[in-house]
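Asks: With the input below, show me the fold.
(2 chains)
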There are 2 protein chains.
Amino acid sequence: MSRKVRLGIVGFGNQGSQYAALVADGRVPNIDVVAIADTDPGRRDLAAERHPGVAVFDDYATMLESGAVEAVVTTVPHYLHPQMGIQALERGIHVLVEKPAGVYTKQVRELNEFAASKPELTFAIMFNQRTNPLYRRLKQIVESGEIGAIRRTNWIITTWYRPQAYYDQSDWRATWGGEGGGVLVNQAPHNLDLWQWICGVPEKVFAKAGFGFRRNINVEDEVVAVVDYGGGATGTFTTATHELVGTDRFEITGDAGKIVVTDSKTAVVTRYRRSEQEINASIPTEDIWKMTSDQFDPNEYYTHETLEFDTAWGGQHATVLENFAANILDGTPLIAPGSDGILGVRLANAIHLSAWTGKEVPMDFDEGEFLAELNKRIAEEGIFPQRS
Amino acid sequence: MSRKVRLGIVGFGNQGSQYAALVADGRVPNIDVVAIADTDPGRRDLAAERHPGVAVFDDYATMLESGAVEAVVTTVPHYLHPQMGIQALERGIHVLVEKPAGVYTKQVRELNEFAASKPELTFAIMFNQRTNPLYRRLKQIVESGEIGAIRRTNWIITTWYRPQAYYDQSDWRATWGGEGGGVLVNQAPHNLDLWQWICGVPEKVFAKAGFGFRRNINVEDEVVAVVDYGGGATGTFTTATHELVGTDRFEITGDAGKIVVTDSKTAVVTRYRRSEQEINASIPTEDIWKMTSDQFDPNEYYTHETLEFDTAWGGQHATVLENFAANILDGTPLIAPGSDGILGVRLANAIHLSAWTGKEVPMDFDEGEFLAELNKRIAEEGIFPQRS
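Replies: Residues are numbered from 1 along each chain as shown, chains lettered A, B, ... in the order given. Predicted structure coming up:
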């Protein structure tokens, strides 16, 4: 076994304390947690109690300057990821940012640009769902061309149930100024990442969002979006936090097959024996009555395969932590390069902007326009400072 | 048994010949088919051969003037329904129009207005799927408030597979000038009707349509639409004719429950024991960890019921024919009043207009703008005359 990476955890909240426990339990063999920083005295006491021997800091910058850490993971409110990432990289410290990479593309672009100027440092993002064997397999199937060029995608992911009590837990949650959004920023970033990771990046989006639709919050608890991939291919994305019995159903239709994923656990993969274009051209006029009278059985034209997996949304953080450290130690390729974080933020921003303006929005939307619209809402809310 | 209605069938094509056969087979006890009109000599010969004793006409107007018929059903290309309906009503003849009621709202509105001036005559439309016991039951459930106010609807109905040979069968099919559209006008009118019949009429729509996306046609073989019902409620509608293994999945989410319909045969109805608003307010802070760690089991909050039906898209035309005649004979309420036909046409027009303009379109869109855009496409196509 080679040496271990000396990691500092920024923020000892839900995620930070979980990561510290994963390492303490021996689940991440190439990492030592050597330092924890938190601004809250109660959380620092808890960190010291649970992890004796680990240096505890009340200030992130002091931890960075201490020389104790060579890498950090930033489990802090989303707005802070870019600036904390840059602060670490400036000091030659490797960075794993929690998702989402930030709230608005301008700040995430600054982080990406700075990280690009430090190619010797590892810059990764906690897209732990990229380790999910179901989604890894689907990405292989799509990338290999087994289902052909994508015609349409549809993801309904409304299993992110959150009651009002969840929103009332903290001051920053589900506010424009503190969190920067609702379900798009907190629950659905995994889906926004996986959707683009597997199916590609769209060109344009039109969206409806319900801001405080069925929850007493300023931000969105409901989103319906239509994306345009170009060339006639489209997609829909539906998410919500108010659906007691939610749906998780993801469909990918291609020129040569189709994938239907249910509950992020089961995928039925249909592979046509030839492309649909060829099958289409081969069907004679004599057979048309079958289609118009519901007698058509396309069974001869395809095979079905059912893929079953145990895990759905939990876990896999240990794998991303280990991969981050392995990249530092021996250059193992990253599961999720930090620069990928902007894709989900950009799509979330475009969805917000479309919902605010009532217009379809291209992915190269005006970042300044988005930030101005966001700041308008932060100002109206009147709790947190505007962003720049 | 009271007397039978003397029916004339206009057009002895697929639908017209099927209706004549239903009556001849005794499936419609209160109708006699006494006349059939078709402009095609071959179809007239076939009608005479299959239905000896029935008067066969080469001209619709002559049939109307003959005194032989007291009611007609118009199984002719969609554009002709309004004018033929008006011609019959002018002569005191009851009308059952085939769906869709027409191609553009202006012509359907003219039909509706004329029919309204003849309240003594029966005016109905062949929405045979309204007799489907599954959809009748769902309408009851939604209207009774069992699942509360609608929050969102999603219908993916891509089981309308049609190969190129289907489109190549006739000159008018899948043209702007001859048919006036593709999947929205030919296959999906049932869905556009049922969706609005059960879930209500939306206020606005944004849509993407693939015109000749995977078929060599001028009109759409693919549609993705987002509707806005007002008050934050939304819906999506996805349909296509190029999907070899299509999906038929219809979700209705409400304040007090949810319905998921699969293959137009099975519906899982979830009824919450209280409204989601009340359940939401009752969940304590201590239980939030369950939701954020996938441990939440909402089972105690609802009941499930599974409704199973045999039939899907076939049949039920005999029931609508019988109901039409019963309305004439004794005032039995209509399953589908003719005036309802405009709802599906209006939504299809709005979807087309949104796809053409790239903008969200209100249901009270400018009918002149729609017709001008349609005529532009008819002119470019250069086969059929423009419409007015």
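Asks: Can you list the low-confidence ranges for chain A?
Replies: Within chain A, the ranges that satisfy pLDDT under 70 run A:1, A:311-315.
Asks: Could you measure from residue A:308 over to chain B?
Replies: Distance of residue A:308 to chain B, computed by Cβ to the nearest Cβ, to the nearest Å: 18 Å. For glycine as for every other residue, the C-beta is placed from the backbone atoms N, C-alpha and C.
Asks: correction: residue A:98
Replies: Residue A:98 sits 14 Å away from chain B, going by Cβ to the nearest Cβ.
Asks: For that residue, give me its contacts.
Replies: Each residue near residue A:98 by Cβ atoms under 8 Å, 6 or more residues apart in numbering or on different chains is listed here: A:15, A:73-76, A:78, A:81, A:125-126.
Asks: Kindly report the same for residue A:186.
Replies: Residue A:186 makes contact with A:173-174, A:179 under the criterion Cβ under 8 Å, 6+ apart.
Asks: ok, those residues vs residue B:250, which is closest?
Replies: Distance to residue B:250 across those (Cβ to Cβ) is lowest for residue A:174, with 30.8 Å.
Asks: Number of residues surrounding the residue in the stretch 1-150 of chain A that chain B sits nearest to?
Replies: Closest to chain B within the stretch 1-150 of chain A is residue A:14: 7.4 Å, counting by Cβ to the nearest Cβ. If you count neighbours by other Cβ atoms under 10 Å in any protein chain shown, residue A:14 ends up with 12.
Asks: for the one 3 residues further on, same thing?
Replies: Other residues near residue A:17 number 20, with proximity taken as other Cβ under 10 Å.
Asks: what packs against the strand of greatest length in chain A?
Replies: Longest strand in chain A by number of residues (criterion: DSSP state E): strand A:220-230. Packed against strand A:220-230 by the contact rule (3 or more Cβ pairs under 8 Å, 6 or more residues apart in numbering or on different chains; DSSP states H and E) you find strand A:204-211, strand A:233-240, helix A:341-357, strand B:150-157, strand B:204-211, strand B:220-230, strand B:233-240.
Asks: For residue A:209, see how far away residue A:219 is.
Replies: Distance, residue A:219 to residue A:209, using Cβ to Cβ, to the nearest Å: 9 Å.
Asks: With residue A:362 instead?
Replies: Distance from residue A:362 to residue A:209, by Cβ to Cβ: 18 Å.
Asks: Please identify which of these two sits among more neighbours.
Replies: Higher neighbour count among residue A:362 and residue A:209: residue A:209, with 24 against 14, using other Cβ under 10 Å.
Asks: Run through the bridge partners of the more buried one.
Replies: Judged by DSSP bridges, the bridge partners of residue A:209 are residue A:223.
Asks: and the next element down the chain from the helix or strand hosting residue A:42?
Replies: Assignment of secondary structure by DSSP states H and E places residue A:42 within helix A:41-50. Later in the chain than helix A:41-50, the nearest helix or strand by DSSP H and E is strand A:55-57.
Asks: who does that following strand pair up with?
Replies: Taking DSSP bridges as the criterion, strand A:55-57 forms sheet pairs with strand A:31-37 (parallel).
Asks: Phi first, then psi, for residue A:329.
Replies: phi -80, psi -40 (degrees, to the nearest 10).
Asks: For the closest residue to it other than its chain neighbours, give me its contacts.
Replies: Leaving aside its sequence neighbours, residue A:329 sits nearest to residue A:2 (Cβ to Cβ, 6 or more residues apart in numbering or on different chains; 5.8 Å). Contacts for residue A:2 (Cβ under 8 Å, 6+ apart) come out as A:30, A:329-330.
Asks: quick one: buried residues of the helix holding residue A:42?
Replies: Using 16 or more other Cβ atoms under 10 Å in any protein chain shown as the test for burial, helix A:41-50 gives A:43-44, A:46-47.
Asks: could you dump the residues you listed to a markdown table with distance to chain B?
Replies: Below are the buried residues of helix A:41-50 laid out as a markdown table (distance: Cβ to the nearest Cβ, whole Å):
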| residue | distance to chain B |
| --- | --- |
| A:43 | 17 |
| A:44 | 22 |
| A:46 | 16 |
| A:47 | 19 |
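Asks: Please identify the buried residues of stretch A:134-150?
Replies: Residues of stretch A:134-150 classed as buried: A:134-136, A:138, A:141-142, A:147-148, A:150 (neighbour count, 16+ other Cβ under 10 Å).
Asks: Tabulate the CA atom coordinates of stretch A:206-213 in CSV.
Replies: Backbone C-alpha positions of stretch A:206-213 (Å, rounded to 0.1, in the frame of the first residue of the first chain) are rendered in CSV as follows:
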residue,chain,number,x,y,z
PHE,A,206,-38.0,25.6,-22.0
ALA,A,207,-39.3,25.1,-18.5
LYS,A,208,-42.0,25.7,-16.0
ALA,A,209,-41.2,25.8,-12.3
GLY,A,210,-43.5,26.0,-9.3
PHE,A,211,-41.9,28.5,-6.9
GLY,A,212,-43.4,27.6,-3.5
PHE,A,213,-46.1,25.6,-5.4
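Asks: ok, residues contacting it?
Replies: By Cβ under 8 Å, 6+ apart, the residues outside stretch A:206-213 that reach it are A:182, A:184, A:217-226, A:240, A:242, A:350-352, A:354-355, A:359-361, B:151, B:206, B:226, B:228, B:232, B:234, B:360.
Asks: Would you mind checking those residues for buried ones?
Replies: Counted by 16+ other Cβ under 10 Å, the contacts of stretch A:206-213 give A:182, A:184, A:217-226, A:240, A:242, A:350-352, A:354-355, A:360-361, B:151, B:206, B:226, B:228, B:232, B:234, B:360 as buried.
Asks: which residue sits closest to residue A:388 in space, ignoring its chain neighbours?
Replies: residue A:371 (7.6 Å).
Asks: Give me the helices and strands touching the helix or strand harbouring that neighbour, please.
Replies: Using DSSP H and E, residue A:371 falls within helix A:367-381. In terms of contacts (3+ Cβ pairs under 8 Å, 6+ apart), helix A:367-381 is packed against helix A:105-116, helix A:341-357.
Asks: thinking residue A:48 is in contact with residue A:55, fair?
Replies: No. At 9.4 Å, residue A:48 does not count as touching residue A:55 under the criterion of Cβ atoms under 8 Å.
Asks: Check which residues of stretch A:322-342 are buried.
Replies: For stretch A:322-342, burial by neighbour count (16+ other Cβ under 10 Å) applies to A:322-328, A:334-342.
Asks: What's the local residue count around the closest residue to residue A:319 other than its chain neighbours?
Replies: Nearest non-adjacent residue to residue A:319, counting by Cβ to Cβ, 6+ apart: residue A:131, 4.4 Å away. For residue A:131, the neighbour count with other Cβ under 10 Å is 19.
Asks: Look up phi and psi at residue A:131.
Replies: Backbone torsions for residue A:131, taken as degrees, to the nearest 10, come to phi -90, psi -10.
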